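J.: I'd like to go over a predicted model; first the sequence, then the structure.
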Amino acid sequence: MKVYHNIKEVSLTNKTVVTLGTFDGVHKGHQAILKRLVAISQKENLESLVLTFFPHPRKIVSNQDEIKLLNTIHERTALLEKNEIDHFVIHPFDVEFANLSPLEFVEQVLVKQFNVRKIIIGHDHKFGKNRAANFHDLIDFGKQFGFEVEEISAQVVDEVSVSSTKIRNALFEGNVALANEFLGYQYTIQGTVEKGNQLGRTINFPTANLAINEDYKLIPKIGVYAVEIYYENQKYFGMMNIGMRPTINGVNKTIEVHVFDFNKNIYGEKLIIKFVKKIREEQKFESFQQLKEQLERDKKTTINLFRD
């Protein structure tokens with residue numbers, strides 16, 4: 001898959017089949033669209049192309065700075081690549097792009113840059129400045145410029161919309177098992193290990209404190225989770241606490257992971273965390289001894305979960 005970080009980088013001589021959207025999560029609904037895109041490209045000897053935008057258009061158009069996304073742009077790219085797409089275009093969404101008229105978008109982007117032969121789009125899709133054009137306008141443009149328009153069924157469009165909402169809600173509620181079901185894979189975060197106060201070592205539960213560089217990444221609800229950890233392409237098991245550490249009167253939310261059967265210095269290293277199931281809510285304990293006893297119980301619960 002060839003990745004482009006601006007529409008202007010794209011200049012294709014072969015005809016393409018195109019779809020566009022945020023594809024946040026690249027969940028089961030998105031995967032149905034991508035599967036159709038690839039099938040058409042193979043059947044009609046076209047190159048498949050996905051256009052997405054970063055940052056999220058709502059940050060620019062609606063000034064929704066607090067929107068949280070299921071994927072970082074790097075994660076989204078990796079997920080798209082698994083779907084055997086030929087071209088993935090990540091265009092910076094800004095005021096200039098938002099102000100393109102429908103005709104300018106079709107002629108300058110779809111026709112001149114992408115050499116589009118067919119576009120797959122939802123019936124309710126709006127595009128161009130002020131989202132002024134719709135599906136029927138796109139069909140008219142197709143007649144003018146020589147490309148076809150295929151409608152994504154209302155059922156799939158609804159599934160994409162509903163699934164995205166359900167996934168976010170499930171994660172906000174800590175129900176990572178349900179989120180994983182809708183995604184079709186395990187929800188993942190990636191971060192860099194940074195130094196903490198090392199209190200975990202004093203109760204024989206050392207943790208790696210994870211710093212997430214992308215502030216737009218959705219972090220699941222505060223609580224304790226069973227997780228899989230990937231470090232240097234090796235898989236480990238463990239448990240993660242997302243929370244305020246009330247037992248030590250913490251004031252900042254932290255993300256800490258205890259890796260089973262692991263004893264390496266990994267400060268500054270990258271970890272990939274895949275969520276499996278929420279174990280319990282975060283609690284405040286009267287002493288470190290009570291905390292240690294609870295962590296022992298959590299570890300047994302987590303180990304038994306992975307054995308099942």
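T.: Happy to help now that I have it.

J.: Tell me how far residue 124 lies from residue 152.
T.: Residue 124 sits 10 Å away from residue 152, taking Cβ to Cβ, to the nearest Å as the criterion. Every C-beta, even on glycine, is put in place using the N, C-alpha and C of the backbone.

J.: for residue 80, that is, sorry about that
T.: To residue 152, residue 80 is 17 Å away according to Cβ to Cβ.

J.: hang on, the earlier thing: of residue 124 and residue 152, which one has the most company?
T.: Higher neighbour count among residue 124 and residue 152: residue 152, with 23 against 13, using other Cβ atoms under 10 Å.

J.: Would you work out how far apart the start and end of stretch 216-223 are?
T.: Using Cα to Cα, to the nearest Å, the end-to-end distance of stretch 216-223 comes to 20 Å.

J.: For that stretch, buried residues please.
T.: Going by neighbour count (16 or more other Cβ atoms under 10 Å), the buried part of stretch 216-223 is 216-221, 223.

J.: Next, format the residues you listed as CSV and append pLDDT, distance to residue 6 and secondary structure.
T.: Supplementary listing: the buried residues of stretch 216-223 in CSV, determined by pLDDT from 0 to 100; distance: Cβ to Cβ, whole Å; DSSP: H, G, I helix; E, B strand; the rest coil:
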residue, pLDDT, distance to residue 6, secondary structure
216, 91, 20, coil
217, 95, 23, strand
218, 96, 26, coil
219, 97, 29, coil
220, 97, 33, coil
221, 97, 36, coil
223, 97, 40, strand
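
J.: can you tell me which of these lies nearest to residue 157?
T.: residue 218 (22.2 Å; Cβ to Cβ).

J.: Let me see the contact set for that closest one.
T.: Contact analysis of residue 218 by Cβ atoms under 8 Å, 6 or more residues apart in numbering lists 68-70, 168, 171-172.

J.: quick check, nearest of the residues you listed to residue 227?
T.: Set against residue 227, the nearest of those by Cβ to Cβ is residue 171 (13.7 Å).

J.: surely the closest one meets residue 179?
T.: Yes: in this structure residue 171 lies within contact range of residue 179 using Cβ atoms under 8 Å: 5.0 Å.

J.: Of the two, give the one with the bigger neighbour count.
T.: Comparing residue 171 with residue 179 by other Cβ under 10 Å, the one with more neighbours is residue 179, at 26 against 22.
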